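[1] can't give you the sequence, but here's the structure:
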């Protein structure tokens with residue numbers, strides 16, 4: 001819905017609809033070109049966001065018409081008009097910057113001049129329930145879209161199985177899983193004679209057998225296979241203490257150019273070399289440093305693999321899904337929708353605090369980059385970096401621009417794209433109802449205040465000249481946050497890993 005400003009209090013200059021379809025064709029061509037040049041993921045997500053914006057304004061438009069209000073304009077985008085057509089009293093069209101949309105309802109406040117013959121169709125004279133319906137309709141439309149998408153996701157892709165069953169989701173380089181040639185979709189049945197149930201219990205078995213050779217039974221496409229493999233190992237605190245420069249949970253891949261696969265290999269490669277400096281390739285703790293070579297000093301290396309290491313197998317888990325029927329999916333979508341609304345409210349409340357806003361600005365203007373590549377590092381330097389990573393992820397204190405959301409969506413599969421659209425719709429719906437002008441929630445507050453002041457029979461109308469300073473201030477803050485978010489999404493894309 002259109003935000004009111006002093007310029008809208010002045011008479012409008014008559015404009016004729018532009019029935020030339022050239023601009024509209026160019027816009028469609030631009031989206032198609034985006035698909036061909038950048039990928040169809042980009043084209044899909046951009047189109048979906050434009051559709052979301054359209055549906056938001058359609059909610060305002062339909063409820064305004066249903067409650068007897070006059071709508072003079074319905075435009076997608078801002079800036080120069082590409083195409084428009086007039087049907088009855090409303091002009092519909094597309095403008096050149098697809099960063100939003102607006103519906104113009106006459107008489108949104110006392111500063112908006114209205115022809116006397118149309119006064120009874122203006123927003124400001126309507127009853128409180130009708131006003132509330134119209135200004136809330138945009139967010140309601142987002143919530144409806146989110147709910148429908150949730151149901152579709154649950155029907156098409158299902159939910160995680162209640163028994164915790166899972167399959168291989170990914171395989172790490174230089175790992176026992178890779179040595180076995182495990183692949184995505186394989187299902188592990190037994191490890192070292194122990195039945196595998198949920199992924200957590202599988203991890204417990206693996207951790208207890210670091211560096212040991214074990215038997216593994218797994219299933220691929222209905223065929224059961226059995227083999228043995230030496231589990232990899234990540235360093236325990238005791239194991240890391242044997243190497244100056246390494247940290248607990250690091251994984252040693254090679255020593256002085258020789259690959260190591262078991263703790264026995266590590267012990268053999270470091271025997272009688274206490275005090276020597278060696279080159280190592282390490283898979284570092286935290287997964288945020290690249291695999292690099294460290295100049296490591298050998299200390300008192302423990303020989304017991306159970307004391308020095310935790311087991312490492314090298315897979316991630318993908319839960320087995322169970323599909324739902326339409327009724328069960330609708331019921332579950334209701335509870336998941338409520339949970340997402342709560343998370344959005346919590347996230348917004350956390351973001352709009354002085355401390356989080358301050359971190360967002362400082363991270364955006366220079367403090368939010370990923371850790372740099374380190375070729376050689378001392379233990380002290382790595383400790384500092386590790387503690388910094390453990391403190392917080394800078395991506396937690398950020399908000400995505402439309403470009404950032406499109407970029408994320410363009411690089412994920414279709415299921416996750418739909419999930420992203422669910423979250424975007426819920427977030428935008430909640431955000432738009434914040435009780436601040438020029439957001440729709442600001443109109444709700446004004447309408448509620450007018451209703452309370454009108455109790456007793458005398459109609460009260462807020463003087464928008466007093467509201468405008470707050471409107472401009474909030475608008476300025478939101479634009480600043482939006483520009484900072486856009487800048488950050490360009491120079492420091494969000495880390496999905």
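    It's in. Because the structure is a prediction, the values reported are computed rather than measured.
[2] Flag the shaky bits of the chain, pLDDT-wise.
    Within the chain, the segments meeting pLDDT under 70 span 1-24, 26-27, 285-294, 367-397, 495-497.
[3] Spatially central residue for it, please.
    Geometric centre of the chain, nearest residue: residue 420, 6.4 Å, by C-alpha atoms, centre = their mean.
[4] Pull the contacting residues for that residue.
    Residue 420 makes contacts with 45, 405, 408, 409, 412, as judged by C-beta atoms under 8 Å, 6 or more residues apart in numbering. C-betas here are computed from N, CA, C, even on glycine.
[5] And residue 207, by the same measure?
    Counted by C-beta under 8 Å, 6+ apart, residue 207 has contacts 310, 311.
[6] mind checking how far it is from residue 282?
    19 Å (C-beta to C-beta, to the nearest Å).
[7] and what of residue 356?
    34 Å.
[8] out of the two, which sits in the busier spot?
    Applying other C-beta atoms under 10 Å to residue 356 and residue 282 shows that residue 282 carries more neighbours, namely 23 against 17.
[9] Residue 195 touches residue 189, doesn't it?
    Yes. Judged on C-beta atoms under 8 Å, residue 195 makes contact with residue 189 at a distance of 7.4 Å.
[10] Of those two, give the one with the bigger neighbour count.
    Comparing residue 195 with residue 189 by other C-beta under 10 Å, the one with more neighbours is residue 189, at 14 against 11.
[11] Quick check: closest non-adjacent residue to the more buried one.
    residue 217 (4.5 Å; C-beta to C-beta, 6 or more residues apart in numbering).
[12] what comes into contact with the helix or strand harbouring that neighbour?
    If you go by DSSP states H and E, residue 217 is part of strand 213-220. For strand 213-220, contacts defined as C-beta under 8 Å, 6+ apart pick out 180, 182-183, 185-193, 224-231, 262.
[13] next one: stretch 276-283 to chain centre, how far?
    Remark: stretch 276-283 is offset 37 Å from the chain centroid, using C-alpha atoms, centre = their mean, to the nearest Å.
[14] What helices and strands are in contact with the helix or strand harbouring residue 474?
    For residue 474, the host element (DSSP H and E) is helix 464-491. Contact analysis of helix 464-491 by 3 or more C-beta pairs under 8 Å, 6 or more residues apart in numbering; DSSP states H and E lists helix 354-362, helix 402-410, helix 440-453 as its packing neighbours.
[15] The closest residue to residue 242 other than its chain neighbours in helix, strand or coil?
    Spatial nearest neighbour of residue 242, excluding adjacent residues (C-beta to C-beta, 6+ apart): residue 301 at 4.0 Å. Using DSSP: H, G, I helix; E, B strand; the rest coil, the structure places residue 301 in coil.
[16] same deal with residue 184?
    coil.
[17] Could you check how many residues crowd around it?
    12.
[18] State the helix or strand in which the closest residue to it other than its chain neighbours lies.
    Distances taken as C-beta to C-beta, 6+ apart put residue 168 closest to residue 184, at 5.6 Å, once the chain neighbours are dropped. If you go by DSSP H and E, residue 168 is part of strand 166-171.
[19] neighbouring strands for that strand, and are they parallel or not?
    For strand 166-171, the paired strands and their directions (DSSP bridges) read strand 315-319 (antiparallel).
[20] The strand it pairs with: how far from the chain's middle?
    Worked out by C-alpha atoms, centre = their mean, strand 315-319 lies 21 Å from the chain centre.
[21] Next: stretch 49-68.
    25 Å.
[22] which residues are in contact with that stretch?
    Taking C-beta under 8 Å, 6+ apart as the rule, stretch 49-68 contacts 1, 71, 74, 76, 98, 100-103, 105, 121, 123, 126, 130, 133-135, 137-142, 145, 402, 405-406, 421, 424-425, 428, 432.
[23] ranges for the strands of the stretch 101-250 of the chain?
    In the stretch 101-250 of the chain, the strands defined using DSSP state E, counting those that start in this stretch lie at 159-160, 166-171, 187-191, 194-195, 213-220, 223-230, 232-235, 243-244.
[24] mind putting these in JSON lines, distance to residue 331 included?
    JSON lines is the format used below for the strands of the stretch 101-250 of the chain (distance: least, C-beta to C-beta, whole Å):
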{"stretch": "strand 159-160", "distance to residue 331": "12"}
{"stretch": "strand 166-171", "distance to residue 331": "25"}
{"stretch": "strand 187-191", "distance to residue 331": "29"}
{"stretch": "strand 194-195", "distance to residue 331": "33"}
{"stretch": "strand 213-220", "distance to residue 331": "33"}
{"stretch": "strand 223-230", "distance to residue 331": "37"}
{"stretch": "strand 232-235", "distance to residue 331": "42"}
{"stretch": "strand 243-244", "distance to residue 331": "54"}
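[25] Could you single out the most deeply buried of those?
    Across these, averaging neighbours per residue (mean count of other C-beta atoms under 10 Å) puts strand 232-235 on top, at a mean of 26.
[26] what's that one packed up against?
    Using 3+ C-beta pairs under 8 Å, 6+ apart: strand 232-235 touches strand 251-255, helix 305-308, strand 309-312.
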